[in-house]
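J.: Provided below for reference: sequence and predicted model.
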Amino acid sequence: MKTLNSENNDSSRRNFLVRATSLLGTIGATLASWPFISSMLPDARAVASGVNVQVDLKKIPPGFQTVAAWRKKPIWIMHRTDEMIEHLENQDLLKRLRDPLSQVKSQQPVYATNETRSINKEYFVAIGICTHLGCSPKFYPDIEKTAFSANWHGGYYCPCHGSLFDLAGRVYKGVPAPTNLVIPPYRFVDSYVIEIGADQAKKA
């Protein structure tokens with residue numbers, strides 16, 4: 001004969017088993033549906049490659065640059081002075097550059113294939129990675145002779161192996177870097193805002 005206590009114990013066991021079975025069923029259903037759920041979520045690579053970045057140019061004084069991040073890469077945005085722009089067209093400078101006319105087409109979009117390598121020559125936009133071994137060059141804005149080279153008058157210097165670039169990211173002759181700095185796709189949203197990752201040519 002069952003006692004009241006044994007009936008209570010049986011009832012507790014049934015309730016426990018029902019709850020445990022329900023819990024396992026819920027977990028199983030969740031695990032079974034995860035491949036479908038995860039297929040709807042963008043992977044990290046898609047997120048990293050799909051996010052454009054906007055930069056307010058009004059916050060960059062002439063002669064200075066800021067750094068943004070796009071696709072996990074440093075993006076330099078420099079506000080060039082009139083003196084900097086004039087220097088980029090100096091014939092003596094052009095003779096010292098490996099690719100002064102940006103003939104290696106893979107290094108910049110078509111709208112940046114010019115002497116200033118930019119849409120608006122007042123603003124320079126580039127990926128801040130040396131084309132030699134991927135180091136990050138340092139910014140030297142002053143147009144004057146430096147300790148690195150008597151023929152280098154400011155721009156970018158890579159301390160890893162001594163590569164030199166001018167204020168348009170054009171590489172000098174006789175240094176390890178083989179090509180100019182890469183210009184990313186970008187466009188002007190308005191006169192003072194650029195969007196990195198969107199192509200000016202496509203008006204995206």
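T.: On my side now, so go ahead. Numbers count the residues shown, from 1 in each chain.
J.: how deep is Phe188 tucked in, by neighbour count?
T.: Residues near Phe188, counting by other Cβ atoms under 10 Å, number 15. For the C-beta atoms, the positions are set from N, CA and C on the backbone; glycine is no exception.
J.: partner residues bridging it?
T.: With DSSP bridges applied, Phe188 shows beta-bridge pairing to Ile194.
J.: gap between it and Val125?
T.: According to Cβ to Cβ, to the nearest Å, Phe188 stands 10 Å off from Val125.
J.: what touches both of these two?
T.: By the contact definition Cβ atoms under 8 Å, 6 or more residues apart in numbering, Phe188 and Val125 are jointly contacted by Ile194.
J.: Tell me where this protein has strands.
T.: Applying DSSP state E to the chain gives strands spanning 53-56, 65-70, 73-79, 123-127, 138-140, 155-157, 164-165, 186-190, 193-196.
J.: Please produce a markdown table containing those, extended by mean pLDDT and distance to Asn90.
T.: Listed next are the strands of the chain as a markdown table, based on pLDDT from 0 to 100; distance: least, Cβ to Cβ, whole Å:
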| stretch | mean pLDDT | distance to Asn90 |
| --- | --- | --- |
| strand 53-56 | 96 | 28 |
| strand 65-70 | 96 | 21 |
| strand 73-79 | 97 | 18 |
| strand 123-127 | 98 | 16 |
| strand 138-140 | 92 | 17 |
| strand 155-157 | 93 | 12 |
| strand 164-165 | 94 | 15 |
| strand 186-190 | 96 | 26 |
| strand 193-196 | 97 | 26 |
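J.: Now for Ser102: which residues touch it?
T.: For Ser102, the contact set (Cβ under 8 Å, 6+ apart) comprises Gln108, Ala112, Thr113, Asn114, Arg117, Arg170, Asn180.
J.: top of these by neighbour count?
T.: Neighbour max across the contacts of Ser102 (other Cβ under 10 Å) = Arg170, 27 neighbours.
J.: which ones are touching that residue?
T.: Arg170 neighbours (Cβ under 8 Å, 6+ apart): Leu97, Arg98, Asp99, Pro100, Ser102, Arg117, Asn180, Leu181.
J.: Output those residues in CSV; the columns should cover pLDDT.
T.: Below are the contacts of Arg170 laid out as CSV (pLDDT from 0 to 100):
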residue, pLDDT
Leu97, 94
Arg98, 95
Asp99, 95
Pro100, 94
Ser102, 93
Arg117, 97
Asn180, 97
Leu181, 97
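J.: Adding distance to Gly63, write these out as CSV.
T.: Formatted as CSV, those follow (distance: Cβ to Cβ, whole Å):
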residue, distance to Gly63
Leu97, 22
Arg98, 26
Asp99, 25
Pro100, 23
Ser102, 23
Arg117, 18
Asn180, 22
Leu181, 19
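J.: ok, of those, which one's closest to Lys72?
T.: Lys72 lies nearest to Leu181 out of the contacts of Arg170, by Cβ to Cβ, at 17.0 Å.
J.: where does the chain dip in pLDDT?
T.: Scanning the chain for pLDDT under 70 picks out 1-50, 143-150, 201-204.
J.: Quick check: the closest residue to Pro185 other than its chain neighbours vs Tyr186, distance?
T.: Take Pro185 and drop its neighbours on the chain: the residue closest to it by Cβ to Cβ, 6 or more residues apart in numbering is Asp199, 4.4 Å away. If you measure Asp199 against Tyr186 using Cβ to Cβ, the figure is 8 Å.
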